[in-house]
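>>> when you get a sec, could you give me coordinates for this:
(chains A and B)
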Amino acid sequence: MQAGAVEAGTGRLAENIAYFGRALRSAGLPVGPGAVLDAVAAVEAAGIGHRADFHATLQAVFVKKREHMAVFDQAFQIFWRKRSLMERMMAAMMPVAPGEPDKPRQEALRRVSEALYDDRNRAPQEVEQQKMLDARLTVSDLEVFKRRDFEQMSAAEIEEAKRAVARLVLPLDRVVTRRMRADPNGLRVDPRASLRATLRSGAGGIALKFRAPLTVHPPIVALADISGSMSRYAQVFLHFLHALGRADRKVHGFVFATELTNISRALAAHRDPDLALAATARMVRDWDGGTRIGRALSDFNRLWSRRVLGQGAIVLLLTDGLERQETAELSFALDRLRRSCRRLIWLNPLLRYDGFEARAAGIRAMLPHVDEFRSLHNLASMADLCRALTGEPAEAAADPRRFRLPE
Amino acid sequence: MSSLPGSIDETQALLKSGSYVAERGLATVVFLALKMGRPLLLEGEAGVGKTEIAKVLATTLGRNLIRLQCYEGLDVSSAVYEWNYAGQMMAIRLAEAAGETDRERLGADVFSERHLIKRPLLKALEAGAGGAPVLLIDELDRTDAAFEAYLLEILSDFQVTVPELGTFRAPHPPIVIITSNRTREIHDALKRRCLYHWVDYPDAPRELAILKARYPDVPAKLARQIVHYVQAIRREDLFKAPGVAETLDWASALVELDAVALDPALVSDTLGVLLKYQDDIAKIQGTKAKDLIDRARAEAR
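Numbering: from 1, shown residues only, chains lettered A, B, ... in the order given. A predicted model of the protein is given here:
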């Protein structure tokens, strides 16, 4: 494209850069009109020489964060590969870009091709799907989508749900720490700031400055069951955890099926949720395995609770509670867990059934030892959880005592 | 003031002279920390003797021990320095009464070292009797990440900046020992500046040596049985295994009770000295108790 575009005049090049900017935006990069103008100016200033120079020029303008590099690289490869616009679009429509994409970048690649694919002219057979996507955005259908069970969603819908999780209004709960911050409406006098202000203003009394206790988000410790029956819910739940961790909060994540794995580091390693989840998946060896909830919780208590439950942590436990053996161990471990944390919330997708009753032995063993009992099977229940964490009083539906069977 | 040890063996001997029986790995890392002037971060279960190292080093090297006990909400005014507000207020009033109007001079007087209250970290930067002091930052995991970030400047440059006054720099860097019980992960940036050692439970011969060094009057046979018994319960699946501190407490309790050998009733009555969780006690008290004592007796022989 290099020579051709320049000869055709800057207008054409600017237009192409604008298209490219839009593609980047839909792939998740924060690219505004200002950045596009900067990019055009930068390309004019640098001139178009080698492809590598051109890449570096655009990257300098469009990429402001390290984690956006992978997305940008893939978009650049696809977008600026062929000479004519037509060919470029054809290339963009290929489901997988030719060449040898690195394995870790597969996720970024998928998003880029989706973004390019959505933005440009579509092949006729895709129009119907487009309509379907549009239809989903009407208000009533959006409600239906929010209420659809994760388990019944198609792969594409799960992707849509994961994006919705990233847009969720996250809980605003804050706990008071013993540290102070300057606050004009505070109730305590800040002697040091007062004296400095006094000296600054000169004589005439003491200028009082105030301070108030600093508040922070309490840390969240999540334990997710990833055994066969739970893996769909766990996937979306891990996305939720990633979103929580991005919002200025300490999040410790653990997953278990037959063994307990600490995934906190992997979860926090990437800002991009897909890369983070891929890193997590590489750590875990027992996806879709059987489950030993009691064993996993005992291990957590013994090895991790003292290390992660300080600072008033809230524990989210995602499991269906279907443990057949070792219910005594389960009951004991959960009791200890509840005593070690500020609030223990059990998230159980089985609650989605209207006629849910606590009949299974595992569920009966666990129920007396949790503070709240909620469902987590669709986007609406996830939003409920966020509201509950924000500090609104727990509704009667979340009270675990509701399900206790008469002895 | 005794000079710093010149080798790992000398370090081990130095600690031994303060009745601290250190394993080779610990002696090595202490030697390196002294030699390289780097802070030493010690992690381990409660009661394995992390804090004790700082105390023993201060005593044996003849240095001052400055201890900063961390807690939630620890801030600059209680860890580093604070202004004496009452004194400053008085200075302002006096200046007003004397008709002092030069604001520069008034400021210099109010924010002078006279009104500065030095807290442990700032004190540690001053040369004490016998050389730079030993600074013990105890249970760092109890404070928050913000305080840890503040420590970075002190631990890498051994200097503190008081905005109103200037920068304090240590003529000789203090010997810094940081301990953590791991109730929270210490940030990598801080760990990078320190030498790290995980203080583990001692093996039987070393635990016996520790017991003998601390309580020479425990009968030899009882001491052996105590150590082997404690070693045996540490192998059980407990929520909190007893540390060395508990072993020493137990030994002193048994001596108080005039015991000469372990027997099931005695162990059962005093188990609360060793184990602090009811389910752990229940687990050991059951049928296992006699079995464990028999084994400890056999091993002690």
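
>>> give the contact list for whichever residue of the stretch 201-350 of chain A sits closest to chain B.
With C-beta to the nearest C-beta, the shortest gap between the stretch 201-350 of chain A and chain B falls at A:G310, namely 4.4 Å. Every residue, glycine included, has its C-beta placed from N, CA and C. Neighbouring residues of A:G310 by C-beta atoms under 8 Å, 6 or more residues apart in numbering or on different chains: B:141-142, B:183-184.

>>> got these as a markdown table, with secondary structure and distance to A:R211 columns?
Formatted as a markdown table, the contacts of A:G310 follow (DSSP: H, G, I helix; E, B strand; the rest coil; distance: C-beta to C-beta, whole Å):
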| residue | secondary structure | distance to A:R211 |
| --- | --- | --- |
| B:D141 | helix | 26 |
| B:R142 | helix | 22 |
| B:T183 | coil | 27 |
| B:R184 | coil | 25 |
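
>>> farthest pair in the residues you listed?
B:R142 and B:R184 (8.0 Å; C-beta to C-beta).

>>> so which residue is dead centre in the chain?
Going with chain A. Central residue of chain A (C-alpha atoms, centre = their mean): A:A243, 2.7 Å from the mean position.

>>> that was the other one, I meant chain B.
Centroid-nearest residue in chain B, with C-alpha atoms, centre = their mean: B:T51, separated by 1.9 Å.

>>> need the contact list for it.
Counting by C-beta under 8 Å, 6+ apart, B:T51 touches B:136, B:138, B:179.

>>> need the strands for the stretch 1-150 of chain B, in chain order.
Taking DSSP state E, counting those that start in this stretch, the strands of the stretch 1-150 of chain B run over residues B:40-44, B:65-69, B:81-83, B:116-118, B:134-138.

>>> okay, those strands, which one's buried deepest?
strand B:134-138 (a mean of 25; mean count of other C-beta atoms under 10 Å in any protein chain shown).

>>> can you list the strands that that one pairs with?
Counting by DSSP bridges, the strands paired with strand B:134-138 are strand B:65-69 (parallel), strand B:175-180 (parallel).

>>> next, format these as TSV and append mean pLDDT and distance to A:K65.
Shown next, in TSV, are these (pLDDT from 0 to 100; distance: least, C-beta to C-beta, whole Å):
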stretch	mean pLDDT	distance to A:K65
strand B:65-69	95	37
strand B:175-180	95	32
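
>>> among the ones you listed, which is nearest B:T11?
Of all those, the one in closest proximity to B:T11, counting by C-beta to C-beta, is strand B:175-180 (12.3 Å).

>>> returning to that earlier point: mind checking which of the strands of the stretch 1-150 of chain B is nearest B:V199?
Of all those, strand B:40-44 sits nearest to B:V199, with 3.5 Å by C-beta to C-beta.

>>> helices and strands around the closest one, which ones?
In terms of contacts (3 or more C-beta pairs under 8 Å, 6 or more residues apart in numbering or on different chains; DSSP states H and E), strand B:40-44 is packed against helix B:24-36, helix B:50-61, strand B:175-180, strand B:195-199.

>>> buried deepest among those, which one?
By mean count of other C-beta under 10 Å, the helices and strands packed on strand B:40-44 have strand B:175-180 as the most buried, with a mean of 25.

>>> what angle sits between that strand and strand B:195-199?
Angle, strand B:175-180 to strand B:195-199, by axes from the mean of the first three to the mean of the last three C-alpha atoms, to 10 degrees: 50 degrees.

>>> which residues touch the closest residue to chain A within chain B?
Among the residues of chain B, B:G73 lies nearest to chain A; the distance is 2.5 Å by C-beta to the nearest C-beta. B:G73 sits next to A:177-179, B:143-144 when contact means C-beta under 8 Å, 6+ apart.

>>> run the last query once more with 7 Å
B:G73 is in contact with A:177-179, counting by C-beta atoms under 7 Å, 6 or more residues apart in numbering or on different chains.

>>> which ones, among these, also lie beside chain B?
Checking the contacts of B:G73 against chain B by C-beta under 7 Å from any C-beta of the partner chain, the ones in range are A:177-179.

>>> returning to that earlier point: distance to A:A197 for the strands paired with strand B:134-138 - can I get that in CSV?
Formatted as CSV, these follow (distance: least, C-beta to C-beta, whole Å):
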stretch, distance to A:A197
strand B:65-69, 30
strand B:175-180, 36
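
>>> what's the closest of those strands to A:A361?
Once the strands paired with strand B:134-138 are compared by C-beta to C-beta, strand B:175-180 is nearest, at 40.5 Å.

>>> quick check: the residue of the stretch 1-150 of chain A found nearest chain B vs B:R297, distance?
Closest to chain B within the stretch 1-150 of chain A is A:R66: 17.3 Å, counting by C-beta to the nearest C-beta. Separation of A:R66 from B:R297 (C-beta to C-beta, to the nearest Å): 62 Å.

>>> out of these two, which sits in the more crowded spot?
Taking neighbours as other C-beta atoms under 10 Å in any protein chain shown, A:R66 and B:R297 compare with B:R297 leading, 17 against 9.

>>> where does the nearest residue to the more buried one once chain neighbours are set aside sit: helix, strand or coil?
Among residues not flanking B:R297 along the chain, B:Q225 sits closest, at 6.0 Å (C-beta to C-beta, 6 or more residues apart in numbering or on different chains). What DSSP: H, G, I helix; E, B strand; the rest coil gives for B:Q225 is helix.

>>> hmm, B:Q225 is touching B:A300, no?
Yes - taking contacts as C-beta atoms under 7 Å, B:Q225 lies within contact range of B:A300: 4.6 Å.

>>> out of the two, which sits in the busier spot?
When B:Q225 and B:A300 are compared for neighbours, B:Q225 comes out ahead with 24 against 20, by other C-beta under 10 Å.

>>> for that one, give me its contacts.
Residues in contact with B:Q225 (C-beta under 7 Å, 6+ apart) are B:261-262, B:296-297, B:300.

>>> pLDDT at residue 109, what is it?
Answering for chain A, as no chain was given. pLDDT recorded at A:L109 is 58.

>>> switch to chain B, please.
84.

>>> and it, how many residues sit next to it?
17.

>>> so which residues on the stretch 101-250 of chain A come close to chain B?
Residues of the stretch 101-250 of chain A lying near chain B (C-beta under 7 Å from any C-beta): A:177-179, A:191-192, A:195, A:198-199, A:202-203.

>>> which of those residues ranks first by neighbour count?
Counting neighbours by other C-beta under 10 Å, A:L195 leads these with 24 neighbours.

>>> A helix includes A:S298, no?
Yes - assessed by three-state DSSP, A:S298 belongs to a helix.

>>> distance-wise, check the one residue in the stretch 151-300 of chain A that gets nearest to chain B relative to B:A146.
Per C-beta to the nearest C-beta, A:R178 is where the stretch 151-300 of chain A lies closest to chain B, at 2.5 Å. The gap separating A:R178 from B:A146 is 12 Å, by C-beta to C-beta.
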